[in-house]
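**Student:** What follows is a predicted structure for the sequence shown.
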Amino acid sequence: MKPDSPCDRRLDHEDERLHFPCDELGSFIYIQPKKWTTDDILEINHGKDDIMVSKFLRSSVSDVNRLWTSPIAYVLDESLEINAKAVILNAFEQFRLKSCIDFKLRDSEEDYIIVKKLGGCFSYVGKVSGEQVLSIGRFCDEISTVEHEFLHALGFDHEHNRFDRDNFVTIDFDNILTGLDYNFDKVNGEDYTDMGVPYDYWSVMHYGKFAFSNGNGTTINSKDPNFEDVIGQRRDMSPSDTLELNRRYKCNSSLAFKMYCGFSKRNMCQMKHCSNSDVEWELVTRAEGGPYSDHTNLPTGLGHRGGRDDGYFMHASTVSGRMGDSALLETQRMTTTRKCNVKCLQFYYYHSGHESDDLNIWIREFQSKRDSEGSRRLMGQITGLQTFHWRLHYVTLTATKDFQVEFEIVKGAGISSGGFSIDDINLSETECPHGVMQLNDVVKTFNTTTAQFIFGPKQYTQVGYAYRIVVAGYDEFVGMGIQLVSGKYDDQLEWPCPYRQVVLQIVDQTPDLQLHMSKELTFTTDPNVNTSAAIVWYDDPRKTGDIITTEKNETFYAGPVNGFFMLSFENLISRDFIKGGNAMFAYRFQDITPLVNGSKLPCNPWTPMKITYPPRGVDYGSCSSRILPTKQPTTDDRYLDLLAHFTLVKLVRTAAE
């Protein structure tokens, strides 16, 4: 589906950093847009189911002997494609983020999962003894497909085979391919347990409406017509999938998730704030100069509000006060639990103050349980022009001991009409995306029959490859891509660019990270490709590209763009991909060379960021003399009642302190 002319319309985007003129587009490699559903598993498997039959009954998944003991030993077979290996490791991170299930490379365990590239995507249901094969074959290397197959291995059957499915879907047996009716057999209600989780149309274990169709029509019809195009979604585990998994394995917390705070119902989530001046963090529902609503309750793409209650957020006004006045907002003290010391902080911010105001993000690390002061390091800074929209921000943190995160607002030299606001804070022991592009008024931007391309700024990988991220809209689809461009290190680099995985993600903006169902697709560069036979997008852009000049008068070579059309506009406006009219597009461009001959990636080192304004304030210590590590809310509690009940504590520190 190639546009007749990618330059039919020039975009005038609010944020000039995300827009470049059409004449600098360069080449574009078009990939056929496709609605991804679980029917793709059937296509890859040539019409066969993805459940392998063992000597055990499929319905006996409630048998505790069929459950694994975490961590689950695994082997990544040498037959796997390198992109598939990386996708599998990414899927493991999702399990760690959303559950207590962990995975480890096999040492000498008798029971283990060996992942191979066989003729399709398939798995046994539950644990079988000894070596257990799970196949991630060609075209199966997509994160939701990997999650689907590993959920089978963890004891899940298909959602549409539940014993109570007739209350929610109708199976049209006349439209099923001859001899394949058994794929729609219901499990035995006496042996199978749903763990008390209601039927879920959004389940990643649900097949789509054309599963095993003989061409005469749909085979699975949802009794609620609002979900006829939802079943078979290919995004991520649903919240109900996660809840059932956690109940099945008696998870009380997740391995990698540390905290979420949306400040709903005035809940401060054990965060504390203090000040040495008139500048102070406050819990508000609207702020002078903006914003006039929190982020949590912004309307989604369908116009639905995110919550039923008045939304609160934290705001620090810089309208009054003197240059250098500051205020501190700190999280509770937390414990590092994973071997890799990298963590990811994500939150939404709104900047309505002066461009010289800055928001500093610190981490305070404590050397022992008795250490109440700790030592702090600056991990990120936000400053510059006002935003006029809530913006998503990621900060990579590092800590090996107990720590807390601190948000410091510092008043600048100019006259302010507002301040800084933050909302929907998530913290996890995972790696952050390498960046995010935000498109405001995204439906208006892409609601056209002509092609639209919006380019991000030129940036560099850790070793020096220069690239730009592209967000594209055409006809009924929205997609993402990457473009290598010439840079200052090109003569020192290896070409074609070897073994780099590109991860493109349209972000689900559901406030709680553990409930996200983002759309994510990947591809990996192959240095062994024959570059003489065709233009390779990841070869030297000085060889494959054209010279372009940006609106900022930057001149460089821009190579071909490679990417996917990932979601239809119909799907884009579902769930929380759009909030307040805005969409987020996250990405990673990662070196996965260790997976060529190995099965794990090293902990990604943290790279210091550029700080515009060196901190001007003095470290007066934390707001509290000591915050003892507290019991995390159980995972089951988080999904039934997303916010725990905490006490609002406000501390005011005088300058004398």
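**Tutor:** Received it, and whenever you're ready, just let me know what you need. Because the structure is a prediction, the values reported are computed rather than measured.
**Student:** residues near P614, how many?
**Tutor:** Residues lying near P614 (other CB atoms under 10 Å) number 9. The way it works is simple: take the backbone N, C-alpha and C, and place the C-beta from them, glycine included.
**Student:** Next one, pLDDT for it please.
**Tutor:** Listed pLDDT for P614 reads 77.
**Student:** Quick check: the gap between it and K411.
**Tutor:** 15 Å (CB to CB, to the nearest Å).
**Student:** do the same with C432
**Tutor:** Distance of C432 to K411, computed by CB to CB: 28 Å.
**Student:** what's the answer for F585, then?
**Tutor:** Here the criterion is CB to CB. By it, F585 lies 33 Å from K411.
**Student:** Spell out the residue ranges of the strands in the stretch 301-450 of the chain.
**Tutor:** For the stretch 301-450 of the chain, the strands defined by DSSP state E, counting those that start in this stretch cover 313-317, 326-330, 342-351, 358-365, 375-383, 391-398, 403-410, 419-428, 435-439.
**Student:** pLDDT of the third one, averaged?
**Tutor:** Predicted confidence along strand 342-351 averages 98 (mean pLDDT).
**Student:** Give me the angle between that strand and strand 313-317.
**Tutor:** Per axes from the mean of the first three to the mean of the last three CA atoms, to 10 degrees, the angle that strand 342-351 makes with strand 313-317 is 60 degrees.
**Student:** send the alpha carbons of strand 342-351 over as CSV?
**Tutor:** Backbone C-alpha positions of strand 342-351 (Å, rounded to 0.1, in the frame of the first residue of the first chain) are rendered in CSV as follows:
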residue,chain,number,x,y,z
VAL,A,342,19.3,-0.2,35.9
LYS,A,343,15.8,1.2,36.6
CYS,A,344,13.3,3.1,34.6
LEU,A,345,11.3,6.1,35.9
GLN,A,346,8.5,7.3,33.7
PHE,A,347,6.0,10.1,34.4
TYR,A,348,4.0,12.8,32.7
TYR,A,349,4.9,16.4,33.2
TYR,A,350,3.4,19.8,32.2
HIS,A,351,5.6,22.9,32.0
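**Student:** elements contacting the helix or strand containing R96?
**Tutor:** Under the criterion of DSSP states H and E, R96 resides in helix 82-98. Other elements packing on helix 82-98 under the criterion 3 or more CB pairs under 8 Å, 6 or more residues apart in numbering; DSSP states H and E are strand 131-136, helix 143-153, helix 239-248, strand 500-506, strand 519-524.
**Student:** The ones you listed into JSON lines, with extra columns for distance to D325 and mean neighbour count?
**Tutor:** Listed next are the helices and strands packed on helix 82-98 as JSON lines, based on distance: least, CB to CB, whole Å; neighbours: other CB atoms under 10 Å:
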{"stretch": "strand 131-136", "distance to D325": "55", "mean neighbour count": "21"}
{"stretch": "helix 143-153", "distance to D325": "46", "mean neighbour count": "24"}
{"stretch": "helix 239-248", "distance to D325": "42", "mean neighbour count": "23"}
{"stretch": "strand 500-506", "distance to D325": "38", "mean neighbour count": "23"}
{"stretch": "strand 519-524", "distance to D325": "42", "mean neighbour count": "22"}
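**Student:** possible to save these as JSON lines with distance to L67 and mean pLDDT?
**Tutor:** Putting the helices and strands packed on helix 82-98 into JSON lines (distance: least, CB to CB, whole Å; pLDDT from 0 to 100) gives the following:
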{"stretch": "strand 131-136", "distance to L67": "13", "mean pLDDT": "97"}
{"stretch": "helix 143-153", "distance to L67": "11", "mean pLDDT": "97"}
{"stretch": "helix 239-248", "distance to L67": "7", "mean pLDDT": "97"}
{"stretch": "strand 500-506", "distance to L67": "31", "mean pLDDT": "98"}
{"stretch": "strand 519-524", "distance to L67": "28", "mean pLDDT": "96"}
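**Student:** Same list, those, but as JSON lines with distance to P602 please.
**Tutor:** Below are these laid out as JSON lines (distance: least, CB to CB, whole Å):
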{"stretch": "strand 131-136", "distance to P602": "22"}
{"stretch": "helix 143-153", "distance to P602": "21"}
{"stretch": "helix 239-248", "distance to P602": "28"}
{"stretch": "strand 500-506", "distance to P602": "14"}
{"stretch": "strand 519-524", "distance to P602": "17"}
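**Student:** Which among the ones you listed is found nearest to V279?
**Tutor:** Among these, strand 500-506 comes nearest to V279, with 35.8 Å by CB to CB.
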